[in-house]
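Student: return a 3D structure for these sequence lines:
(chains A and B)
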There are 2 protein chains.
Amino acid sequence: MENELSAPDVVICECFARDGLQHEAQFVPTQAKVNVIDAFTAAGFRRIEATSYSHPVRVPAFSDASDVLAQISRKQGVAYKATCPNRRAVERAIADRQAGHGAEELSLLASASESHTQRNLRTSRAGQWTRIEEMVELAAGRFTLVGVVSMALGCAIEGSVDPVSVAADVAKFAELGVELVTIGDTIGAGNPRSVRRLFREISSAAPGVKPIAHFHNTRGSALANCMAALEEGCTMIDSAMGGVGGHPSQFSYGGEGFTGNLATEDLVDLLEAQGISTGIDLDAMMKASHLCEEILERPLHSMVARAGLATQALGAKLDV
Amino acid sequence: MENELSAPDVVICECFARDGLQHEAQFVPTQAKVNVIDAFTAAGFRRIEATSYSHPVRVPAFSDASDVLAQISRKQGVAYKATCPNRRAVERAIADRQAGHGAEELSLLASASESHTQRNLRTSRAGQWTRIEEMVELAAGRFTLVGVVSMALGCAIEGSVDPVSVAADVAKFAELGVELVTIGDTIGAGNPRSVRRLFREISSAAPGVKPIAHFHNTRGSALANCMAALEEGCTMIDSAMGGVGGHPSQFSYGGEGFTGNLATEDLVDLLEAQGISTGIDLDAMMKASHLCEEILERPLHSMVARAGLATQALGAKLDV
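Tutor: Numbering: from 1, shown residues only, chains lettered A, B, ... in the order given. Have a look, this model is predicted:
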């Protein structure tokens, strides 16, 4: 419990319950979602992506958004996040908040590329900012808002993305009063050099913003990219237990399992082994990891879940 | 062909044919080994681990060591390496060299931990250095010798390993005139911080040595660890196509596929995407990657082989 009192070096947002589950073929029962979120809370995560207020017909995986938020066991100091793709989603989030079981954080989606915006968010880049402004106005003061810039280190359709343009998007969020902005390497095409360059641009264009590294491990480089982000002063990282979810495979970037999130287990182990504190209890984290595998009824992609924690392998003689 | 004329920023040793194949259950036919090594040569690798002069009964995978070395197509400027576990192995290497088809490089194995030395090399740490001295004397002047310190970033039995002791082992190699020393993270328990610390110790204790990063990707951290090594001035990395092989699973660090080498495809793609030259032709590398999967008749562990090259995904607009 001691860790919960002091601020960790890095705050990790556990994204399994939303980004992880979004593309699962089978609906995960509400009780199972509640159980994993409670396990994440028990393990000491301070930020947990719990659900999405997506249209329940378009994204049936989260048709139980309000129920999940109502049933989880809350802990002081833990922020539960819900994704809001549009104005209607924010209205639902407000209603849940007023009913006493809402999310503390809402994420608002933008895309760094015109082609991806049209294809995925069904609007233009100009249109997406109008929509985000409306959503921010509606949510005003009730939530911590988290901007998201997807395709920030490469676009599935357009290829490379100009870091200056991404930094300008982050600055737009800042102008709207949104001070947490998620930098999404949606197709996992970033590298330590491009991460450093982008994070420097961001810190120059929007010095008041805390960027959140949300790097997909599509090509195995997410841990290296996170280390580069940390070296540039980033202190917040998104990951998902078992590395499930992330970018769907529709753009032919490999099949299931190769488009996914960075596995929380692998990230936390690597940070803690370096003496970079996360506030997370490693044993409780591994219990949550097993629970995620049980719920999805298959082995997931964390390598630490197979090989064991490095912090444990190095034993008591760990020199940090 | 242009790349072959200028020195790359990082020289990668392709280890599939030896470290990769060592623990395969089925014997890989000599012709298949020759074909993959020729494909590596064609792709522009300057160092290729070709085989091992292990005892043919104890390690039947390499009972064809001399045949492989005799049948591969050599290219000017490419060094083919063979592992030598003992004095008899060096004698065989010398005989092949005298017959005109030997290896250019021999690797000589040491282990950083007493327990692992006794278990894996069947001698004590003191005993291993006596044996290495004899092997160096025997090989004198005929080969480029490559020292190997395994368990350098953690031991499967003893846990953490003192970096000062590893650096002293590297210095011992240097005293024997061995100026290339492989730093093996055999159980994949290293992290960027421990890598930096170790490589600084090495550069202080043995400034004349060029360390070679040989990091297993057991916990997904090998790319991050390689980046840390490069930042400490390392310019040589070992990896294996498809990430096969590496440390056997006998120490219960996970099952097959979770103890393995860093996949060359993922490493080269990440380096090239950052403008760090390897001299390797990416198309030819991916052809070699497919050939390795054909020969082993299963998909291997390169994520780039599934997801596609980042350098390609970022397209012509790649900004390096």
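Student: burial count for the closest residue to chain B within the stretch 51-200 of chain A?
Tutor: Of all residues in the stretch 51-200 of chain A, residue A:159 sits closest to chain B, with a separation of 3.2 Å (C-beta to the nearest C-beta). Every residue, glycine included, has its C-beta placed from N, CA and C. Neighbours of residue A:159 under the rule other C-beta atoms under 10 Å in any protein chain shown: 18.
Student: which residue is the nearest non-sequential neighbour of it?
Tutor: residue B:315 (3.2 Å; C-beta to C-beta, 6 or more residues apart in numbering or on different chains).
Student: what segments of chain A are helices?
Tutor: Assigned helices in chain A, in chain order: A:30-43, A:65-71, A:87-98, A:114-116, A:125-139, A:163-175, A:192-205, A:222-231, A:264-273, A:282-296, A:304-307, A:310-313 (criterion: DSSP state H).
Student: how much distance is there from the last one to the middle of the chain?
Tutor: For helix A:310-313, the gap between its own C-alpha mean and the chain's C-alpha mean amounts to 26 Å (C-alpha atoms, centre = their mean, to the nearest Å).
Student: picking that back up, pick the most deeply packed of the helices of chain A.
Tutor: The highest average neighbour count among the helices of chain A, using mean count of other C-beta atoms under 10 Å in any protein chain shown, belongs to helix A:264-273 at a mean of 28.
Student: what sits closest to residue A:193 if chain neighbours are left out?
Tutor: Spatial nearest neighbour of residue A:193, excluding adjacent residues (C-beta to C-beta, 6+ apart): residue B:274 at 4.0 Å.
Student: so what touches the lowest-mean-pLDDT helix or strand in chain A?
Tutor: Using mean pLDDT, DSSP states H and E, helix A:114-116 stands out as the lowest-scoring helix or strand of chain A, at a mean of 86. Contacts to helix A:114-116, defined as C-beta atoms under 8 Å, 6 or more residues apart in numbering or on different chains, come from residues A:124, A:125, A:150, A:151, A:155, A:156, A:157, A:158, A:186.
Student: returning to what we had before: any idea which of the helices of chain A scores lowest on pLDDT?
Tutor: Among these, helix A:114-116 has the lowest mean pLDDT, at a mean of 86.
Student: hang on, the earlier thing: neighbours of the residue nearest to residue A:193, how many?
Tutor: 20.
Student: measure it to residue B:131 for me?
Tutor: For residue B:274, the distance to residue B:131 under the criterion C-beta to C-beta, to the nearest Å works out to 40 Å.
Student: residues of the stretch 51-200 of chain A that sit close to chain B?
Tutor: With the criterion set to C-beta under 8 Å from any C-beta of the partner chain, the stretch 51-200 of chain A comes near chain B through A:154, A:156, A:158-160, A:162-163, A:187-194.
Student: surely residue A:177 touches residue A:133?
Tutor: No - Residue A:177 is beyond contact range of residue A:133, at 10.7 Å (criterion: C-beta atoms under 8 Å).
Student: ok so, going back, and the buried ones among the contacts of helix A:114-116, selectable in ChimeraX?
Tutor: Here is the ChimeraX command that selects the buried residues among the contacts of helix A:114-116 (16 or more other C-beta atoms under 10 Å in any protein chain shown):
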select /A:125,150,151,155,156,158,186
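Student: would you list the contacts of helix A:114-116 in CSV and tack on distance to residue B:34?
Tutor: Formatted as CSV, the contacts of helix A:114-116 follow (distance: C-beta to C-beta, whole Å):
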residue, distance to residue B:34
A:124, 56
A:125, 54
A:150, 46
A:151, 44
A:155, 42
A:156, 39
A:157, 42
A:158, 43
A:186, 42
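Student: and residue A:319, what pLDDT?
Tutor: The predicted local distance difference test score for residue A:319 is 43.
Student: equivalent analysis for residue A:257, please.
Tutor: In this prediction, residue A:257 has a pLDDT value of 38.
Student: noted, bye for now.
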